[in-house]
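S.K.: Quick one: sequence and predicted model below, then my questions.
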Amino acid sequence: MKIQKLFQKTMFGVFALFGAISLSTSILCVYTVDTHLSEEYENNSENIAKTIADSSVDILLNRDLAALQSLIDQFVEIQSIRYIYITDESGEFLAHTFVPGIPEEIRTSDPFNTALVERSLPGMGDFVEVGSPILAGIAGTVHVGMDTGLIALKIQRAIGQQIYLISIILVVGVLAAIWFVNLAAKPLGDLLGYAVDLARGEEGTSNDKLLSRDDEVGHLARLFLYVSGREESESTNQRDEVQRR
């Protein structure tokens with residue numbers, strides 16, 4: 001699809017504009033999806049930790065560790081939750097979902113810390129851990145670990161769908177811009193051909209459409225015809241004057 005030189009800079013500007021819009025939209029989309037999904041998973045994990053903490057009060061009072069283990073095994077089946085462990089008021093591990101055993105980094109960490117912590121456990125992956133105190137920490141603490149790899153995968157899928165849509169809009173927009181520019185450039189090409197025909201003295205009836213147009217192209221065509229007629233008339237007058245002399 002050939003583009004007239006007159007519109008090449010215009011097309012470059014259109015491409016640059018579409019590119020800037022797509023890039024800025026993509027960056028905003030990535031940031032928004034990443035932030036919202038991460039916050040959603042963190043909030044869900046905090047709610048799960050609080051639910052376990054509230055549900056385990058009676059179990060801890062009865063020292064029913066089997067029921068406590070069964071409780072956290074149910075929650076670990078939730079997608080993105082990879083591990084849960086519960087410590088008592090002295091920091092001793094009461095129940096956990098680690099197989100075959102508790103990682104050394106977990107053992108050496110602060111069991112009373114309930115703030116969000118990023119962990120990298122050898123052989124398991126990267127995690128974000130949240131905690132919730134049981135009876136304000138008097139009966140212990142619940143810790144829930146989220147798999148950041150799974151969260152990142154979901155974020156990538158969500159972002160990929162958005163980028164796919166933006167790419168389609170970009171391609172369609174660019175093709176539409178090229179079509180509209182060529183649509184506007186075609187009358188100028190016809191006008192150029194008409195001017196060449198006038199210069200050669202080969203005006204034909206095929207240019208009636210140009211002369212009948214009620215726009216800038218039609219005005220220029222009629223101006224070319226007028227100027228061509230004047231030049232021809234002046235040339236004839238000069239020849240007649242030369243012959244009289």
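M.R.: That came through fine. Numbers count the residues shown, from 1 in each chain.
S.K.: alpha carbons only for contacts and neighbour counts from here, please
M.R.: Fine.
S.K.: List the contacts of P103.
M.R.: Listed by C-alpha atoms under 8 Å, 6 or more residues apart in numbering, the contact set of P103 reads L121.
S.K.: What distance do you get for it to E89?
M.R.: Between P103 and E89 the distance is 20 Å, computed by C-alpha to C-alpha, to the nearest Å.
S.K.: H143 now?
M.R.: According to C-alpha to C-alpha, H143 and E89 sit 13 Å apart.
S.K.: With neighbour numbers in mind, choose between these two.
M.R.: Applying other C-alpha atoms under 10 Å to H143 and E89 shows that H143 carries more neighbours, namely 28 against 15.
S.K.: List phi and psi for that one.
M.R.: The phi and psi values for H143, taken as degrees, to the nearest 10, are phi -120, psi 130.
S.K.: Please list the residues outside stretch 111-118 that contact it.
M.R.: 87, 91, 126-133, 137, 140-141, 143.
S.K.: what do you get if the cut-off is 7 Å, keeping everything else the same?
M.R.: 87, 91, 127-132, 141 (C-alpha atoms under 7 Å, 6 or more residues apart in numbering).
S.K.: Selection in ChimeraX covering whichever of those are buried, please.
M.R.: Of the contacts of stretch 111-118, the buried ones go into a single ChimeraX selection, burial set by 16 or more other C-alpha atoms under 10 Å:
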select :87,127,128,129,130,131,132,141
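S.K.: With adjacent residues omitted, what lies nearest to the spatially most central residue of the chain?
M.R.: For the chain, the residue sitting closest to the mean C-alpha position, by C-alpha atoms, centre = their mean, is S26 at 2.8 Å. Nearest residue to S26, sequence neighbours excluded (C-alpha to C-alpha, 6 or more residues apart in numbering): I163, at 6.4 Å.
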